[in-house]
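Colleague: Here is a sequence together with a model predicted from it:
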Amino acid sequence: MERLLSVWIEDQNQRNIPLSLPVIQAKAKSLYDKLKRDQGEGSQTEMFMASRGWFDRFKRRFHLHNMKMSGEVASADTAAAEKFPEYLKKIIEEGGYSPKQVFNVNETSLYWKRMPERTYISREEKTAPGFKAAKACLTLLLGGNAAGDMKMKPLTVYQFETPRALKGFSKEDLPVIWRSNKKAWITGAIFSEWLTLYAIPAWKEYCTNENLDFKILLLIDNAPAHPINLDDLCENVKIVFLPPNTTSLIQPMDQGAIAAFKAYYLRRTFDQLIRGTDGEGKPTIRQFWRDYNILKCINNIGESWAEVTQACMNGVWGKLWPECVNDVKGFKDVVPAMRKDILSLAKKAGFDEVEEADVTQLLQSHGEELTNEDLMQLDMMRAMEDEGQEVKEEPTHRNLTAKRLSEAFQMIEAGLQILSDDDPDRERSSK
């Protein structure tokens, strides 16, 4: 129970959610009761009260010295959010920053293999034994500048360093920056490495290409993964932290950019599902979804992030820095339109019971709290990894030979010939 509780607490801290003692005690009792029920009648004799003394000992056992504790769980700080734009404006003016030189990045979870609950795939997963694909999760760091013309390459953190689908591929050539740890979280070390090895060189090159002075203002929230000494890593980068509990109110990436990305991602996966299963000899939806792996997910992350427009990346700064926004209304219609597209694709795939509310719930579920069942499944996956079950396969060596390349060109030529022979619209077929 304590092992699962420690993971839940760390997850809450990663989400920057302060915890109160009564909330932790209630979660501990809930986990304990769940484990007792799963163990059967023989475990029902022992009582657990989650006392203050137990809590103090628990903290020492698991070295939880940096827990964010409060009298009660904090809610969004509207007053601080209203004051911060003026404070930020003063920093921008004093530093002489243009919208091209002001950046914001934020972490977000992505349940990359989750479908609306009212699909038969989701219903089957609820009754299937073992780890459920819908709980497969990774963490992304997404962001860009206030002008909207520079999006950062997504940082992706997954549970495994080399999943089966990535064996033999060069990680440096993926459309994301690939990192891993057992909990799929962005840590202070990963964030500092990202800033030093990727972000700063990318910003320097961008400023050179745009004929700008190399000076960057980076706006981030005060999450545990963001060390307070980041300013020391580069004299050309100034770090400004958002006030606590204001992310949902004013952080630019949380005002529509991340939501748009997730909507594009879901639409893309549904579209691939339909194209991959429509026609004679094609796999079933179950088989397609079973074969949807982390490599396909990564490719979709790259494509979906590319779909997020400059207008969206600029428009999300409206609450924090309205003077830099060119089109206040343009980006706000993206997610509602995507929901309708996703619903239409779901119906086309044969998921007739799915409604728009299900799509909305799915898009919002990526940031939800870990349930007791989630914690137990994560613990099981970690045990599997510790036993080496993920790395038993022989290394895969991929090599694109001249023979295979020739085969690919022949297939392309055959496809072009079909268009040339059968399409009555010559202009279209030539394109």
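Modeller: Looks like it came in fine.
Colleague: could you pull out the strands for the protein?
Modeller: 102-111, 137-145, 155-158, 177-180, 216-220, 237-241 (DSSP state E).
Colleague: Put together JSON lines for those, with mean pLDDT, mean neighbour count and distance to residue 339 on each row.
Modeller: To be clear about C-beta, it is placed using only N, CA and C from the backbone, and glycine gets the same treatment. As requested, these are exported to JSON lines (pLDDT from 0 to 100; neighbours: other C-beta atoms under 10 Å; distance: least, C-beta to C-beta, whole Å):
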{"stretch": "strand 102-111", "mean pLDDT": "94", "mean neighbour count": "22", "distance to residue 339": "17"}
{"stretch": "strand 137-145", "mean pLDDT": "95", "mean neighbour count": "23", "distance to residue 339": "20"}
{"stretch": "strand 155-158", "mean pLDDT": "96", "mean neighbour count": "24", "distance to residue 339": "25"}
{"stretch": "strand 177-180", "mean pLDDT": "96", "mean neighbour count": "19", "distance to residue 339": "29"}
{"stretch": "strand 216-220", "mean pLDDT": "97", "mean neighbour count": "24", "distance to residue 339": "29"}
{"stretch": "strand 237-241", "mean pLDDT": "96", "mean neighbour count": "18", "distance to residue 339": "33"}
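Colleague: quick one: which of those is nearest residue 326?
Modeller: Judged by C-beta to C-beta, the one of the strands of the chain that comes nearest to residue 326 is strand 137-145, at 13.3 Å.
Colleague: roughly how far out does stretch 335-350 sit from the chain middle?
Modeller: How far stretch 335-350 lies from its chain's middle: 21 Å, per C-alpha atoms, centre = their mean, to the nearest Å.
Colleague: for stretch 237-246, that is, sorry about that
Modeller: Distance, centroid of stretch 237-246 to centroid of chain: 20 Å (C-alpha atoms, centre = their mean).
Colleague: Contacts for that stretch next, please.
Modeller: Stretch 237-246 has contacts (C-beta atoms under 8 Å, 6 or more residues apart in numbering) with 16, 74-77, 80-81, 83-84, 88, 91, 95, 195, 200, 203, 215-222, 226, 230-231, 250-251.
Colleague: Now with 7 Å, please.
Modeller: 74-77, 80-81, 84, 88, 91, 95, 200, 216-222, 230-231, 250-251 (C-beta atoms under 7 Å, 6 or more residues apart in numbering).
Colleague: Any of the residues you listed buried? List them.
Modeller: 77, 80-81, 84, 88, 200, 216-221, 230, 250-251 (16 or more other C-beta atoms under 10 Å).
Colleague: want to throw the strands of the chain into CSV with distance to residue 400?
Modeller: Shown next, in CSV, are those (distance: least, C-beta to C-beta, whole Å):
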stretch, distance to residue 400
strand 102-111, 30
strand 137-145, 27
strand 155-158, 24
strand 177-180, 21
strand 216-220, 38
strand 237-241, 39
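Colleague: Can you tell me which of these is nearest to residue 166?
Modeller: Set against residue 166 and scored by C-beta to C-beta, the strands of the chain come closest in strand 177-180, at 8.0 Å.
Colleague: Let's see the closest one as CSV, backbone CA atoms only.
Modeller: The C-alpha coordinates for strand 177-180 follow below in CSV (Å, rounded to 0.1, in the frame of the first residue of the first chain):
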residue,chain,number,x,y,z
ILE,A,177,13.4,14.1,-28.3
TRP,A,178,13.3,10.7,-26.7
ARG,A,179,14.0,10.2,-23.0
SER,A,180,12.9,7.5,-20.5
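Colleague: who does that strand touch, helix- and strand-wise?
Modeller: Here strand 177-180 touches strand 155-158, going by 3 or more C-beta pairs under 7 Å, 6 or more residues apart in numbering; DSSP states H and E.
Colleague: Give the partner strands of the strand it packs on in its sheet and their orientations.
Modeller: Within its sheet, and counting by DSSP bridges, strand 155-158 is paired with strand 137-145 (antiparallel), strand 177-180 (parallel).
Colleague: for those, which one sits closest to residue 348?
Modeller: The closest of the strands paired with strand 155-158 to residue 348 is strand 137-145. By C-beta to C-beta, the value is 27.2 Å.
Colleague: residues making contact with that closest one?
Modeller: 99-100, 102-112, 150-152, 154-158, 184-186, 194, 253, 257-258, 261, 305, 313.
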